[in-house]
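Q: predicted coordinates and the sequence they were generated for:
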Amino acid sequence: MQNTNSENWSSALEGIKEPSPNDVLSGRGGRSNHHAGNVNFRKIVNKIRPTYIRSDKREKPTVSFQVVEEIRCLDPPGR
């Protein structure tokens, strides 16, 4: 039986006691909105937004992946 996505994420997050400044937190409200990684994430999204808007349907996933790659290339890498 294959692992589900939630099982993969659970194992990837094992041992994380404190998020790094570059991690992007999910959630609603103040803590996740004001976390440094989320603030940076919104800056990256706003920078790439014009390219995304101009992209056709086939190109949009590639443009979105650029956001993920930029987060993962930070030091320390964002998750």
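A: Nice, thanks for sending it over. Residues are numbered from 1 along each chain as shown.

Q: for this structure, longest helix please?
A: Ranked by number of residues, the top helix in the chain under DSSP state H is helix 36-54.

Q: pLDDT on that helix, on average?
A: What helix 36-54 shows for mean pLDDT is 97.

Q: and it, how far from the chain's centre?
A: Relative to its chain's centre, helix 36-54 lies at 11 Å (CA atoms, centre = their mean, to the nearest Å).

Q: would you mind listing the outside residues contacting it?
A: Taking contacts as CB atoms under 8 Å, 6 or more residues apart in numbering, the residues outside helix 36-54 that touch it are 19-25, 32, 60, 63-64, 66-67, 70-71, 74, 78. All C-beta atoms are positioned from the backbone trio N, CA, C, and that covers glycine.

Q: in it, which residues are buried?
A: By 16 or more other CB atoms under 10 Å, the buried positions in helix 36-54 come out as 37-38, 40-41, 44, 48.

Q: quick one, helices of this protein?
A: With DSSP H as the criterion, the chain has helices spanning 5-13, 30-34, 36-54, 60-72.
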